[in-house]
Structures are given as structure tokens and as C-alpha cells.
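J.: Sequence and predicted model, in that order:
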Amino acid sequence: MSGPAEAPPSGLSGSQPTAQATGGDYSWFEDNGELTEGFCFTWIAGLDPGQVITRLGGRRLGAAGWRADWASFPGRRRGEAVMAVAAMPGWSLIVEDNGWLAFRDDLLERLSARTTVITHYRNVEYDSRFALIKNGDIQVAFDPYDSGDRTGSHPDVLLPAMRAAGLATDGQDSDDADATECAFALTERLTRVPMTTALLHAATYLVTAVYDADVAAWERENPDPGLQPAR
């Protein structure tokens, strides 16, 4: 496999509000219910899906529509996680059903070389993470349900956009549903791409397998005889 393709420097700052979205614009998400048990959305500026897959060190399994049984897509091997990568206006979007990329700082730093990455995760227990990474630097990371507690090299860089999106930044916990909706609104303010069901459903996704040591360890304890060994 060749090395990661170099991306042109992103024209977006990744830290200033560029749209007017608020949490109310994403009230559809909880009602829709498609990913409410766990999701991870990761946006990468200026890279196409093929470049994203190369940076992930992944293998293309094929192309598919929205949630076309991605987790059981033919060709996945033991120890591999599945991600679906689609082209969006000015960005690529990685969608994971119960995924983990938002916590893989090593991959996020690799993905963000010479560009900007925004990632947003939540699981069924409402554990959550939002992070902005630029050129290998995690500028800010926080739990949308506790967004007064922020880490990163520039922990306050998103404060104006966070407040405008509706997130609590004063140390008060956010309402469960509202925090997720406001984090989606914050993403829109940074990407300029409104995430809608129509957008997600219309996209073509490159289903991609990425080796992960934690997945491999779990599968050693819970073997699936239908999977081929990792190579």
C-alpha cells in the first residue's frame, strides 16, 4: 500500500462558526432512531474517500448505500472494524454504527495531517466525545454532556461556536438529547454542510475494514468461525 496522499491545506479554519445551525435543527435525529444506539461521525476536510481509506490503512470491501448491513459486509477479516466513507461537499465523512474512531487519537492525528478533522461520538449509554483536530494537533476535545470540561492545545477555541449552537459551556450538564443535537449543529457550523437524512441516505459509501487491536482482542475471546484470519 502506498503512503498517505498529501492533502492541500484546508481553506476552512475549522474553528470559527460558518453557519447558523442550532440544536433545534437536529431534533429529527432522536425521532429518526437509526443510529441512536451508537454512532461516530468523522469529517475530514479536503480529502476524497480514497485518500481517507489510505490514511486509515484500511481495505475497501465494496460500495453500498446507507447502512447496507455494513457490519456484516462480505470480506471482513478477524480483528477488523468496519467504517463507511462517503464524499460530501468539501469533505469526506466516515460513518460508524457503534464505532470508536473518535477515541483513536493516533488515527485522528494521522487523518488530520495538513487538514482539519471533526469527530462526534455517542454510545447507547450517552458516553460522548466531540473533537477538533488540525494538522495532527487535537485542539479541543470534550463530552457534549459536560462541555465545560475541555482538553486540548486550544480548549477554548470553539467557545463562540459552541454557545451559538446551544451547548452549555459554564460547567452545567446539558440535557441528554439536546447535547447531541447541539453537537450536530456545532459540526454544521464548522463544516458548512447541513447533515440531513436526505444527505446521508443519498450518499454512496465505501465500506472499509480497518484493523484494530481491541477488536482483535475481543474476537479472540468471542471467535467467529465465519471470518477469515487477518493477513
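T.: Great, that's in hand. Numbering: from 1, shown residues only.
J.: all helices of this structure, in order?
T.: Listed in chain order, the helices of the chain (DSSP state H) span 28-32, 49-56, 105-111, 159-165, 176-191, 197-202, 213-221.
J.: how about those helices, which one is nearest residue 19?
T.: helix 176-191 (4.7 Å; C-beta to C-beta). Every C-beta, even on glycine, is put in place using the N, C-alpha and C of the backbone.
J.: In the closest one, which residues are buried?
T.: 177-191 (16 or more other C-beta atoms under 10 Å).
J.: For it, output the C-alpha coordinates as CSV.
T.: Provided in CSV are the C-alpha atoms of helix 176-191 (Å, rounded to 0.1, in the frame of the first residue of the first chain):
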residue,chain,number,x,y,z
ASP,A,176,-29.3,14.3,27.1
ALA,A,177,-31.0,14.8,23.8
ASP,A,178,-30.2,18.5,23.5
ALA,A,179,-26.4,17.9,23.9
THR,A,180,-26.3,15.5,20.9
GLU,A,181,-28.4,17.9,18.8
CYS,A,182,-26.3,20.9,19.7
ALA,A,183,-23.1,18.9,18.8
PHE,A,184,-24.5,18.2,15.4
ALA,A,185,-25.3,21.9,15.0
LEU,A,186,-21.7,22.8,16.0
THR,A,187,-20.4,20.4,13.3
GLU,A,188,-22.6,22.1,10.7
ARG,A,189,-21.3,25.5,11.8
LEU,A,190,-17.7,24.3,11.2
THR,A,191,-18.2,22.2,8.0
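J.: what mean pLDDT would you report for that helix?
T.: Helix 176-191 shows a mean pLDDT of 90.
J.: picking that back up, from the buried residues of helix 176-191, pick the one nearest residue 80.
T.: Using C-beta to C-beta, residue 187 comes nearest to residue 80 of those, at 26.7 Å.
J.: List the residues that contact the closest one.
T.: 41, 43, 118, 120, 195 (C-beta atoms under 8 Å, 6 or more residues apart in numbering).
J.: same deal with residue 144?
T.: Neighbours of residue 144 in contact, by C-beta under 8 Å, 6+ apart: 120, 122, 128, 130, 167, 174, 179, 180, 182, 183.
J.: And residue 94, by the same measure?
T.: Residue 94 makes contact with 40, 41, 42, 43, 44, 52, 83, 84, 85, 101 under the criterion C-beta under 8 Å, 6+ apart.
J.: if I look at the closest residue in space to residue 108 that isn't next to it in sequence, how far off is residue 101?
T.: Nearest-residue entry for residue 108: residue 133, 4.9 Å, with adjacent residues in sequence omitted and distances by C-beta to C-beta, 6 or more residues apart in numbering. Using C-beta to C-beta, to the nearest Å, residue 133 is found at 11 Å from residue 101.
J.: Neighbour count for these two, which is higher?
T.: Per other C-beta atoms under 10 Å, whichever of residue 133 and residue 101 has more neighbours is residue 133, with 27 against 22.
J.: just checking, residue 132 touches residue 140?
T.: Yes - applying C-beta atoms under 8 Å, one finds residue 132 in contact with residue 140, separated by 5.2 Å.
J.: shared neighbours, these two?
T.: Joint contacts of residue 132 and residue 140 (C-beta under 8 Å, 6+ apart) are 152, 157, 158.
J.: any idea how far the residue nearest to the spatial centre of the chain lies from residue 78?
T.: Nearest residue to the geometric centre of the chain (C-alpha atoms, centre = their mean): residue 42, 2.1 Å. Look at residue 42 and residue 78: by C-beta to C-beta, they are 24 Å apart.
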